[in-house]
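Fold the following for me, if possible:
(chains A and B)
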There are 2 protein chains.
Amino acid sequence: MNDIERVLEFVIAIEKLKDVQRKTRPVGLDRYENSAEHSWHACLTALLFKDYANEDIDIERVMKMLLIHDLGEIDAGDTIIYASETVENKQLEQQGVERLLALLSEEMRQPLLDLWVEFETGDSKDSQYARAIDRVPPLLHNLHGDGHSWKQHGISLEQVLAVNTRIGKGSDALWQVIRPKLEQAANDGLMTQEP
Amino acid sequence: MNDIERVLEFVIAIEKLKDVQRKTRPVGLDRYENSAEHSWHACLTALLFKDYANEDIDIERVMKMLLIHDLGEIDAGDTIIYASETVENKQLEQQGVERLLALLSEEMRQPLLDLWVEFETGDSKDSQYARAIDRVPPLLHNLHGDGHSWKQHGISLEQVLAVNTRIGKGSDALWQVIRPKLEQAANDGLMTQEP
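Down below sits the predicted model:
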């Protein structure tokens, strides 16, 4: 099988990301979002906010990361961030990514796996920015959707702030705008109250 | 309203692309694709095939084009390519893109509009490659989905080849692999027979 055939197989295999259901609903829609359309949205959001990144990021690398960052969910499924960032879940996702990338030639596979791992590790300036942006759309879904997912999963302001502080690590300017919206939402009853 | 607030408004406005239904179904799924998940898929497919482009393309520009290329459909809707590339439809799409981009500052708006127009015009090496890749996933949907959309709309091999020859303008290597698959599909009865 030549390389073009292998890439076509991969292009078909990753279609399954369109069938991975996330925990929030796009603003104005009555259905849950899937991880493929989320990946598009996050990628474009990263492009739009690039001048607000804390550091001088490489937007091409950031876009590539966000295009592939959720591929592990094809095997592992999407889990709500407030409960999911476990070692076990991350291992399942990495196995899933490696299974998919094995469809490609070694030459194509390794740079993509490296980018995926860089995103997950989150300690480069590009991955910190990418991880910041990845958090923005689901917050907007809750802020403009009566806190649907927060309420459904019993999430408190303390939890929301703990998980989303990473926005400030990628873009302090963006976090300064979003954080007060989250606090206001908690005041408005969109999150579970602390005991 | 500061620029971050304006960009957040835009990020919410473009969510509607997740509600634009296309004419083909992702491989293995029983529902039609939407234009947001298609945009992700096309963008990642472009990245994967970049070394097979006819010319030395700028993949960052190509990815940006593919992220925004369908935004005009939020107002204009998706129309099947075999009937839709009319002046009137393209004008509707451009008006739609301009309406959305008006949410952004002039400084952000113009480069994005320029990229969108470049994609539509399709006479740069980057846009020729982007337009080539944009055609690949829907062909795979038909090839691996019993020609569902071709049959439903009465599309013949002649029409399929006429519209998709553009793949060769962006990547001759890819077209050499895909064209025989289309001819085989016609032989297998997946398209309408010529009179």
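
Tell me which helix or strand in chain A has the weakest average pLDDT.
helix A:81-84 (a mean of 72; mean pLDDT, DSSP states H and E).

how far out from the middle of the chain is that helix?
12 Å (Cα atoms, centre = their mean, to the nearest Å).

can you map out the helices along chain A?
Remark: helices assigned in chain A by DSSP state H are A:3-13, A:35-48, A:59-68, A:73-76, A:81-84, A:87-101, A:106-121, A:125-143, A:148-152, A:157-164, A:166-170, A:172-187.

ok, back up a step: pull the CA atoms of the least confident helix or strand of chain A into CSV?
The C-alpha trace of helix A:81-84 is given here as CSV (Å, rounded to 0.1, in the frame of the first residue of the first chain):
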residue,chain,number,x,y,z
ILE,A,81,-12.7,17.7,32.6
TYR,A,82,-13.7,18.1,36.3
ALA,A,83,-13.3,14.3,36.8
SER,A,84,-11.2,13.0,33.9
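
so what secondary structure elements neighbour that helix?
Applying 3 or more Cβ pairs under 8 Å, 6 or more residues apart in numbering or on different chains; DSSP states H and E, one finds that helix A:81-84 contacts helix A:157-164. (C-beta placed from N, C-alpha, C; glycine too.)

Mind doing that once more with 10 Å?
helix A:87-101, helix A:125-143, helix A:157-164 (3 or more Cβ pairs under 10 Å, 6 or more residues apart in numbering or on different chains; DSSP states H and E).

Go ahead and flag the most central residue of chain A.
Among the residues of chain A, the one closest to the centroid is A:Asp134, at 3.9 Å (Cα atoms, centre = their mean).

residues contacting the residue lying closest to it once chain neighbours are set aside?
In space, and not counting its chain neighbours, A:Asp134 is closest to A:Ala42: 5.2 Å by Cβ to Cβ, 6 or more residues apart in numbering or on different chains. Applying Cβ atoms under 10 Å, 6 or more residues apart in numbering or on different chains to A:Ala42 gives the contacts A:35, A:62-63, A:65-67, A:69-70, A:130, A:133-138, B:11, B:40.

cool, A:Ala83 as well?
A:Asn89, A:His153, A:Ile155, A:Gln159.

So which of those wins on neighbours?
A:Ile155 (22 neighbours; other Cβ atoms under 10 Å in any protein chain shown).

now the residue nearest to the centre of chain A: how far from B:Leu101?
24 Å (Cβ to Cβ, to the nearest Å).

Burial check on A:Trp116, number of neighbours?
A:Trp116, neighbours per other Cβ under 10 Å, totals 22.

Show me the shaky parts of chain A.
A:1, A:84, A:194-195 (pLDDT under 70).

Go again with 90.
For chain A, the stretches with pLDDT under 90 are A:1-2, A:78-89, A:193-195.

in the least confident helix or strand of chain A, what counts as buried?
A:Ile81, A:Tyr82 (16 or more other Cβ atoms under 10 Å in any protein chain shown).

do stretch A:60-71 as well
A:Glu60, A:Arg61, A:Val62, A:Met63, A:Lys64, A:Met65, A:Leu66, A:Leu67, A:Ile68, A:His69, A:Asp70, A:Leu71.

Same question for stretch A:92-110.
Applying 16+ other Cβ under 10 Å to stretch A:92-110 flags A:Leu92, A:Glu93, A:Gln94, A:Gly96, A:Val97, A:Leu100, A:Leu101, A:Leu103, A:Leu104, A:Met108, A:Arg109 as buried.

And the fourth one, how close does it get to chain B?
Shown here: A:Gly96 relative to chain B, a distance of 16 Å by Cβ to the nearest Cβ, to the nearest Å.

Could you pull up the contacting residues of that residue?
Contact analysis of A:Gly96 by Cβ under 10 Å, 6+ apart lists A:Leu71, A:Gly72, A:Glu73, A:Ile74, A:Asp75, A:Ala76, A:Gly77.

Spatially nearest residue to it, not counting backbone neighbours?
A:Asp75 is the one closest to A:Gly96 (Cβ to Cβ, 6+ apart), at 3.1 Å.

roughly how far apart are the closest residue to A:Leu113 other than its chain neighbours and A:Arg61?
Distance criterion Cβ to Cβ, 6+ apart; nearest residue to A:Leu113, sequence neighbours excluded, is A:Leu101 at 5.6 Å. Going from A:Leu101 to A:Arg61 by Cβ to Cβ gives 17 Å.

Same question for A:Tyr82.
Computed as Cβ to Cβ, the A:Tyr82 to A:Arg61 distance reads 28 Å.

Kindly report the same for A:Ala42.
For A:Ala42, the distance to A:Arg61 - Cβ to Cβ - is 14 Å.

repeat for A:Trp175
For A:Trp175, the distance to A:Arg61 - Cβ to Cβ - is 21 Å.

Next: A:Asp78.
24 Å.

A:Ala162 - how many residues pack around it?
A:Ala162, neighbours per other Cβ under 10 Å, totals 11.

does it really touch A:Tyr82, like I thought?
Yes - shown here, A:Ala162 and A:Tyr82 form a contact pair, counting by Cβ atoms under 10 Å, at 8.7 Å.

Report the set of residues contacting both of these two.
By Cβ under 10 Å, 6+ apart, the residues touching both A:Ala162 and A:Tyr82 are A:Ser156.

residues in contact with A:Val97?
A:68-76, A:109, A:112-113, A:116-117, A:120.

Pick the one among those closest to chain B.
A:Ile68 (7.0 Å; Cβ to the nearest Cβ).

and the nearest residue to that closest one once chain neighbours are set aside, what is it in contact with?
With Cβ to Cβ, 6+ apart as the criterion, A:Ile68 has its nearest non-adjacent residue at 5.6 Å, and that residue is A:Trp116. Counting by Cβ under 10 Å, 6+ apart, A:Trp116 touches A:Lys64, A:Met65, A:Ile68, A:His69, A:Asp70, A:Leu71, A:Gly72, A:Glu93, A:Gln94, A:Val97, A:Glu98, A:Leu101.
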